[in-house]
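> Generate coordinates for the sequence data below:
(chains A, B and C)
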Amino acid sequence: MSALATADLRGLYTELHVRNGAQGWWWPGHEPLEIALGAVLVQRSRWEQAASALTALRTRGLLDAAALAATEEDTLRELVRPAGFPAQKPRRLLALARWWRDRAPGAGDLDDAALRAELLAVDGIGPETADAIGLYCFSRPAFVCDEYARRLLRGKGHEVPGSYEAFRRALAPAVERAGFTVAELAELHGLIVEEGKLASSRRG
DNA sequence: ACCCAGGGTCATA
DNA sequence: TATGACCATGGG
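So this is what the prediction gives:
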């Protein structure tokens, strides 16, 4: 068991890149709002289900912050039902739409920590979703400390704290030392998720 | 029938 | 600060 601070993330990046190939722009989608909505919809769900919900929103012209924010929660509930959690996700999408309409236009004035804090204050956005949105929507540096990363580092003999923030803090020195660009951090998260999916499908 | 997925919130200690 | 219950749809 070794400390997370000593983890060789650059080596991990190279290893996954060689094994599974370049992910390119890994996130399925390019419009920032669509990416953010997808990040909420995919929570504890499969991407196919989040994608199905996103398609329903797109069909209704709701991949627009003002239009989405003006939509009835009951209407959203039917549209995003494939993503599960009908009592939570529609409300969270509305909260995100309001933030996006009111605050996202001025996000460029916020430093990385301030933007992260604002995202965390939105209902339904926890630390992992905040990091993913910061990274893929606002090009802010972040190592997404998801369950796949936890398993991967644990498998390499590292002691990984249970909570997200503790994990993030413990890994911060290693992230800093690796010197990733934002594009590399986006690529690395994709590499880790795809590797994690392969590993878990290998078990079943 | 059972387990789980690209988490977050809330209550509790 | 850190666990545990809960949420709910769809695939394997």
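> and stretch A:129-142, is it in reach of DNA strand C?
No - taking Cβ under 7 Å from any atom of the strand as the criterion, stretch A:129-142 and DNA strand C are apart, separated by no less than 13.7 Å. For glycine as for every other residue, the C-beta is placed from the backbone atoms N, C-alpha and C.
> Now the longest helix seen in chain A: buried residues?
Ranked by residue count, the top helix of chain A under DSSP state H comes out as helix A:182-203. Residues of helix A:182-203 classed as buried: A:184-196 (neighbour count, 16 or more other Cβ atoms under 10 Å).
> any idea of the mean pLDDT in that helix?
When pLDDT is averaged over helix A:182-203, the result is 94.
> Looking at chain A, which residue is nearest DNA strand C?
Here chain A gets closest to DNA strand C at one residue, A:Ala87, 2.5 Å apart by Cβ to the nearest atom of the strand.
> Tell me how far that residue lies from A:Gly124.
Taking Cβ to Cβ, to the nearest Å as the measure, A:Ala87 falls 12 Å from A:Gly124.
> which residues touch the lowest-mean-pLDDT helix or strand in chain A?
Of all the helices and strands that make up chain A, helix A:182-203 has the lowest average by mean pLDDT, DSSP states H and E, namely a mean of 94. Defining contact as Cβ atoms under 8 Å, 6 or more residues apart in numbering, one finds that helix A:182-203 is touched by A:9, A:12-13, A:16-17, A:19-20, A:22-27, A:132, A:135-136, A:139-144, A:146-149, A:151-152, A:180.
> again, only this time at 7 Å
Where contact means Cβ atoms under 7 Å, 6 or more residues apart in numbering, the residues beyond helix A:182-203 that reach it are A:13, A:16-17, A:20, A:23, A:26, A:135-136, A:139, A:141-144, A:148-149, A:151-152, A:180.
> PyMOL command to pick out the buried ones of these?
Applied in PyMOL, the following selects the buried portion of these according to 16+ other Cβ under 10 Å:
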select buried, chain A and resi 13+16+23+135+136+141+142+143+144+148+149+151+152+180
